[in-house]
Each structure stands twice: as structure tokens, then as C-alpha cells.
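S.K.: Would you be able to build a 3D model of this:
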Amino acid sequence: MPNDPPFAKKVMLVAGVAVVLLLAWQLVNILLLVFASVLGAVILRALADLIEKPFRLSSGLALALAVVLIVILFALLSALFGATVRDNVRGLIDQLPSAWDAVRSQIGEESWLMRALERGGQAALTGNMVSRIGGFLGTAVDTITNIVLVVFSALYIAAQPNLYHHGLLKLFPPHDRTRIDAALSRCGAALRSWLFGQAIAMVVVGLLTWAGLSALSVSSSLALGLFAGIAEFVPVLGPIIAAMPALIIAFSQDPKLALWVLLLFLMIQQIEGNVLQPLIQGKLVALPPAIALFSIIAFAVLFGVMGALLAAPLAVVTLVLVEDLYVRTIEEAEAPASAEVPASAQGGDTP
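M.R.: Numbering: from 1, shown residues only. Purely as a prediction, here's the structure:
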């Protein structure tokens, strides 16, 4: 009689999977930081590969040179545009409260919209002021700590990608490692392509927003364009969030100007969605808008702001894994059965 009956093995397997899922849920913030580090490593490794192949450098030297070039680029941008960007950002921060007051006066204090906004603001500001300030400071410290952790982790992963790749493969049974290896490699290529296309879209949207708002004489146009470019990293919802401060400032200047700003953002999104994205992502990685929207909402509900920020690349990885490890497995399992159909049909026709 076997030592472990099949039923007992199934129970142990289900219990093991439940324990792993529970542990992953408890460590979800750490896992999101790990994924953010992998994204950073993909970016660093892509830049290092561009340097390594033409100049025939070693992998480590190419990575070090890529990091140095990134630091030099940020230093040059800070020297050339840092003062202007700081002035624009400071002006935007100073102007938004007074612009909001102007919007309130133009809409009317007694309108249903203003009453709803006031109630929402009062609900958000309930509680002790000291605890709110302490919570804000704690969040700021946690954010800075997480950024530093992600940067250094990305450097470590980019320096030895094969070490972590093969270490992850050892977690799976030997007979599955070939398929998992191919899926992980395809995930890396998909992330690299998506990040490349998204970086181009962020730059183009930021520049178009800056140029359009400058042409409309909207104040703090550079800061608003920078914000729009950064928000483009989050598909669908990012552009909506980026338009809000621009609309507030424009409405405080002139309600007709706010209409033109709204048309500007709609036009930029039409260009981005119908011209730019098909050109960039058509040959790279296409993330369907509906999947992007629902993934952002789902990850935001489950994991908060960080989940929303990483929702799109997580969706890209999930699509690749589902296609490689689930869809192809079903297709390969159904292929022999479908191949037997003509043979059986021919046998039925023989007298």
C-alpha cells in the first residue's frame, strides 16, 4: 500500500498553494518593490546592451558606463532646465490654491458640484491634524526609502541578470524549466519593448502638452507638460489626472480658455492613441486599452498607489505568461486530438 494516498497528496498540494498565496499577500509590498527593481534592471540592461555591442565592452563595464551616462544626462538637464522647471513647479504649487478659489467663485458656492466637492474635502480632512502631518511625513520617508531600495536593487539585478534568472528557474520542477525559461525570456523582451515605447510616448506627450499650453498662454506650462509626460506612464487614467491641474488654472484665468485646454488634451490623446501608439507599439508590445484600464483599477484597489503605477507592466507580464504557460499548453494538448479527426473520418468512410 502506498505511503501517501493520492487524496492526501492533493490535500497537501492545495494546502501548500494556499500557504504560498497567503505569504505572497502578506509580502505584496515587497513583491511590488521587487517588480519595480526588475523594471529598473530591464532599463539599465537595455542601455548597457546598446553600449556593449558596438564598442565590444564587457557586460559590467557597459553597465557602469550606462549608469555614468544617465547621471551625466540628468546633470545636464538639471543645469540647463533645472531652474526653469523649479520655478514652474513652485509657481504651479503656489497658484493651484488661488486658482481653485477662483474656480469655486465662478462655479458658485451653492451649486451641487461645489457642495459635493466640499463634502469630499471635509471627509478627507477629518481627524487630528498632527496625525495627518505625521502620516504625510511617514509616507514621504517611506517613498524615499523605497526609491533608494529600488535603485540599488535594480543595479544588482542588472549587474548579474543570469544569476537571478537561473535562481528563479530552480524553484520549478526540472521538466518545466525549459518552458518557464522561454516564458521568462519573453517577459523580459516584452517589458523592454513596452518600456521603450512608453518612454517615447511620455516624451512626445510632455512636449506637445508644454507647447500647446504655452501657445494658449497658460501659466506654469512647463511644469504642467512635465506632469503630463510623467502621468503618461499610467495608461488611460494618467492623462485624465494630468489634465485636472491644467483645467483648474485655465478656468481660473478664463472659462473659455479652459475649454481650449480641454480640447488640447483631447487632441493630444487622439494623436497619442491613434497615431503614436500604433506606430510605436505595433511592432513592439500592444496592451489593449480595456485590459490596461481594468488592470489599473484592480491593482489600485488591491495594492494602492504603487499597484496603480505598476499595473500596466504587470499586465504586460501577465499577458505573456498566460499566453505561454496556459494558452499554448491547451493548444498543444488539443493538437493531437484534432490531428486524429481526419484519420477517424477516413476510417468511417471505408466499407
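
S.K.: contacts, neighbours, all on C-alpha from now
M.R.: OK.

S.K.: State the distance from the nearest residue to residue 59 once chain neighbours are set aside to residue 61.
M.R.: Nearest residue to residue 59, sequence neighbours excluded (CA to CA, 6 or more residues apart in numbering): residue 52, at 6.6 Å. Distance from residue 52 to residue 61, counting by CA to CA, to the nearest Å: 8 Å.

S.K.: which of the two has more neighbours?
M.R.: residue 52 (20 against 14; other CA atoms under 10 Å).

S.K.: Verify the stated contact: the more buried one with residue 62.
M.R.: Yes - at 5.3 Å, residue 52 and residue 62 qualify as touching, with contact defined as CA atoms under 8 Å.

S.K.: in the stretch 51-200 of the chain, which spans are helices?
M.R.: Remark: helices assigned in the stretch 51-200 of the chain by DSSP state H, counting those that start in this stretch are 59-107, 112-124, 129-159, 161-169, 177-215.

S.K.: Now stretch 250-270: buried residues?
M.R.: For stretch 250-270, burial by neighbour count (16 or more other CA atoms under 10 Å) applies to 250-253, 255, 257-258, 260-262, 264-265, 268-269.

S.K.: okay if I get the residues you listed as JSON lines plus secondary structure, distance to residue 329 and pLDDT?
M.R.: Shown next, in JSON lines, are the buried residues of stretch 250-270 (DSSP: H, G, I helix; E, B strand; the rest coil; distance: CA to CA, whole Å; pLDDT from 0 to 100):
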{"residue": "250", "secondary structure": "helix", "distance to residue 329": "54", "pLDDT": "88"}
{"residue": "251", "secondary structure": "helix", "distance to residue 329": "55", "pLDDT": "85"}
{"residue": "252", "secondary structure": "helix", "distance to residue 329": "58", "pLDDT": "83"}
{"residue": "253", "secondary structure": "helix", "distance to residue 329": "59", "pLDDT": "83"}
{"residue": "255", "secondary structure": "helix", "distance to residue 329": "57", "pLDDT": "84"}
{"residue": "257", "secondary structure": "helix", "distance to residue 329": "56", "pLDDT": "90"}
{"residue": "258", "secondary structure": "helix", "distance to residue 329": "53", "pLDDT": "88"}
{"residue": "260", "secondary structure": "helix", "distance to residue 329": "52", "pLDDT": "93"}
{"residue": "261", "secondary structure": "helix", "distance to residue 329": "50", "pLDDT": "93"}
{"residue": "262", "secondary structure": "helix", "distance to residue 329": "47", "pLDDT": "93"}
{"residue": "264", "secondary structure": "helix", "distance to residue 329": "47", "pLDDT": "94"}
{"residue": "265", "secondary structure": "helix", "distance to residue 329": "43", "pLDDT": "93"}
{"residue": "268", "secondary structure": "helix", "distance to residue 329": "41", "pLDDT": "92"}
{"residue": "269", "secondary structure": "helix", "distance to residue 329": "38", "pLDDT": "87"}
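
S.K.: What does residue 236 show for phi and psi?
M.R.: phi 70, psi -60 (degrees, to the nearest 10).
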